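*Asks:* show me how the following folds:
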Amino acid sequence: MAEIASLPWHGHPRIPVRGTAPAPRHHLETLGEEDRAFAAAPALSWDGAYASALFISMLFILELGSMGAALFCAATLLYCAKRIGTLPATASQQWYLLAFPLLALLSVMWSSLPVETLKHGAEFALTVIAAMLLCSARNQKSVLLGIFWAFLLYTAVSLAFGHMVDVGDYGARALSGLSDSKNEEADMAATGLVVSAFLFIAGMRIRAKGLALLALAAGLMQAYVTVRALSAGAIAGTAAALLVLVALITMRKAGRNGRIALLAAAVLSAVLVAALLLVSSTSPLSWAAQLFGKDPTLTGRTYLWFRARDFIADHPLLGGGYGAFWQHGNLDAEGLWRYAGIATREGFNFHNTLYDVLVSLGWIGALVLGLTFLAGLGRLLAGYVRSASLMSCFWLAVAAYLFIRMPTECVGINEFYFATVMLFALLGAGATMRGPSFAARGWESCRKAAWRARGWAG
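*Replies:* Numbers count the residues shown, from 1 in each chain. Reported below is the predicted structural model:
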């Protein structure tokens, strides 16, 4: 029967005759299972709407003020209500992400300002929950598009209405966007650039030329802002992220052993670089910063780190309480604000993630956060080795960007901040990459049903 073609006037589907050329395949059928799921997923969904509202509230929070925080909370709580049935599964998959926020809340018991610690700890816990919801959303393509549009909007607005600030002693001026912080402006533009670069590559991969062209245009604008902000850390982080992204996507077809070798070499290189930073008297970031007219102290960071060591020595194990240091009336914080010329007396940190954690939550907090990093990155790396999906490549590129900035910036421990959401989302993403996703199984079922309807076997 397989060799007999049905007569066309009978209305039956035509079965291919042995020896004839196979029918042309749709380009999606040439992709891997996860890539097909990504390509077939709708661009618009509640997942994408939530991601867009979440990131707009964070990127414009200085301009929106309390309205931005209210939008963040409302979007997260409404999305929780919509996904109420999946919350237990999400919590069981990503339970390790809750350890650090729980410690931040428990620090109210030894904090010098318990009311402030309770407030900031609750906000930080909600920020981590938002990240958990984001990385476990069913439609990750729509999530990324929502994030992309938020960053594109912010970049366009900051270019149109942004400010310039003086940098160093050489008369250089940098773009600071809608705030007075060029580093924050560079961070936002660089993170958006990583998202745009991924969507450009993914668009080319799945032959979505409109998406690729839009992502390319957005990426060029974000690259311009990153360079004009004159942030050595953001430029170094962006270069590392793009290099990692291209390498991971290139090695997807190298096989499991090839991917293991790539990741082993990357981990070894990271360990060697970390050791070099510890024993070297001149940091590579210090050298890069001097290219932009900064002083060897990384714009006063070394003094902040010197003072941080004194505060850590006062409460080495548990710290002074989450969010309790940078408060009006704390003489130590007031002195550092005056030293840095922060007239508003807000929005400041020690410009080093480890020091900020140690001051707030001590070595216990640093240990808990370090174990969270190991658990999250371990699962994410295992997911890449196992399936090498597009999303695993994206989150590992984001990890490269964020982790390379941690020695000179406070990353991932501030509430209602986009970097915190991105960090905890990538740490939770690996827990959701076990086996074919629902979308992938749905694509496979639709494909088989379509083939049966056309009379094909399988």
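
*Asks:* need the pLDDT of Ala21.
*Replies:* Residue-level confidence at Ala21 comes out at 49, pLDDT.

*Asks:* tally up the residues packed near Asp314, please.
*Replies:* Using other C-beta atoms under 10 Å as the criterion, Asp314 is surrounded by 10 other residues. The way it works is simple: take the backbone N, C-alpha and C, and place the C-beta from them, glycine included.

*Asks:* ok, the one 3 residues further on next?
*Replies:* The number of residues packed around Leu317, counting by other C-beta under 10 Å, is 10.

*Asks:* any stretches of the stretch 301-450 of the chain with poor pLDDT?
*Replies:* Filtered on pLDDT under 70, the stretch 301-450 of the chain yields the residue ranges 434-450.

*Asks:* where along it do the helices fall?
*Replies:* With DSSP state H, counting those that start in this stretch, the ranges of helices along the stretch 301-450 of the chain come out as 301-314, 331-340, 353-387, 390-405, 418-429, 438-453.

*Asks:* got it, and the stretch 101-250 of the chain?
*Replies:* 114-135, 140-161, 182-205, 209-228, 232-250.

*Asks:* export the ones you listed to CSV and tack on mean neighbour count?
*Replies:* Formatted as CSV, the helices of the stretch 101-250 of the chain follow (neighbours: other C-beta atoms under 10 Å):
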stretch, mean neighbour count
helix 114-135, 21
helix 140-161, 21
helix 182-205, 24
helix 209-228, 18
helix 232-250, 20
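
*Asks:* which of those sits closest to Asn330?
*Replies:* Across the helices of the stretch 101-250 of the chain, the minimum distance to Asn330, taken as C-beta to C-beta, is reached by helix 114-135, at 10.0 Å.

*Asks:* and that closest one with helix 353-387, angle?
*Replies:* Here helix 114-135 runs at an angle of 20 degrees relative to helix 353-387 (axes from the mean of the first three to the mean of the last three C-alpha atoms, to 10 degrees).

*Asks:* just the angle between helix 114-135 and helix 390-405, please?
*Replies:* Going by the same axes, to 10 degrees, helix 114-135 makes 150 degrees with helix 390-405.

*Asks:* got any ranges where the stretch 101-250 of the chain has weak pLDDT?
*Replies:* Applying pLDDT under 70 to the stretch 101-250 of the chain picks out residues 168-171.

*Asks:* give me that answer again for 50
*Replies:* Counting by pLDDT under 50, the stretch 101-250 of the chain contains no low-confidence residues.

*Asks:* what sits closest to Asp47 if chain neighbours are left out?
*Replies:* Among residues not flanking Asp47 along the chain, Ala137 sits closest, at 3.9 Å (C-beta to C-beta, 6 or more residues apart in numbering).

*Asks:* ok, now which ones touch that neighbour?
*Replies:* Counting by C-beta atoms under 8 Å, 6 or more residues apart in numbering, Ala137 touches Asp47, Tyr50, Ala51, Val143.

*Asks:* now that we have those residues, which one has the most neighbours?
*Replies:* Ala51 (30 neighbours).

*Asks:* how close does that residue sit to Ser389?
*Replies:* Here the criterion is C-beta to C-beta, to the nearest Å. By it, Ala51 lies 18 Å from Ser389.

*Asks:* cool, and Asp187?
*Replies:* Spatial separation of Asp187 from Ser389 under the definition C-beta to C-beta is 27 Å.

*Asks:* run the chain-centre distance for stretch 331-342.
*Replies:* 31 Å (C-alpha atoms, centre = their mean, to the nearest Å).

*Asks:* can you list the residues that contact that stretch?
*Replies:* Among residues not part of stretch 331-342, those counted as contacts by C-beta under 8 Å, 6+ apart are Gly300, Tyr303, Leu304, Arg307, Phe311, Phe325, Trp326, Gln327, His328, Arg345, Phe348.

*Asks:* which of those residues count as buried?
*Replies:* With burial judged by 16 or more other C-beta atoms under 10 Å, the buried subset of the contacts of stretch 331-342 is Leu304, Arg307, Phe311, Phe325, Trp326, Gln327, Phe348.

*Asks:* now do the same contact list for Arg379.
*Replies:* With contacts defined as C-beta under 8 Å, 6+ apart, Arg379 is in contact with Gly430, Ala431, Met433.

*Asks:* separation between Thr127 and Phe148?
*Replies:* Note on Thr127: its distance to Phe148, by C-beta to C-beta, is 20 Å.

*Asks:* follow-up on the earlier one: and of the helices of the stretch 301-450 of the chain, who's closest to Gly258?
*Replies:* Among those, helix 353-387 comes nearest to Gly258, with 9.8 Å by C-beta to C-beta.

*Asks:* give me the angle between that closest one and helix 418-429.
*Replies:* If you take the same axes, to 10 degrees, helix 353-387 sits at 40 degrees to helix 418-429.

*Asks:* name the residues of helix 353-387 that are buried.
*Replies:* Buried residues in helix 353-387, defined by neighbour count with 16+ other C-beta under 10 Å: 353-366, 368-369, 372-373, 375-377, 379-381, 383-385, 387.

*Asks:* now that helix, how far from the chain's geometric center?
*Replies:* Relative to its chain's centre, helix 353-387 lies at 14 Å (C-alpha atoms, centre = their mean).

*Asks:* give me the angle between it and helix 331-340.
*Replies:* Using the same axes, to 10 degrees: helix 353-387 against helix 331-340 is 80 degrees.

*Asks:* what's around the closest residue to Lys82 other than its chain neighbours, how many residues?
*Replies:* Once flanking residues are discounted, Lys82 sits nearest to Trp46: 6.3 Å by C-beta to C-beta, 6+ apart. A count of neighbours around Trp46, defined by other C-beta under 10 Å, yields 16.
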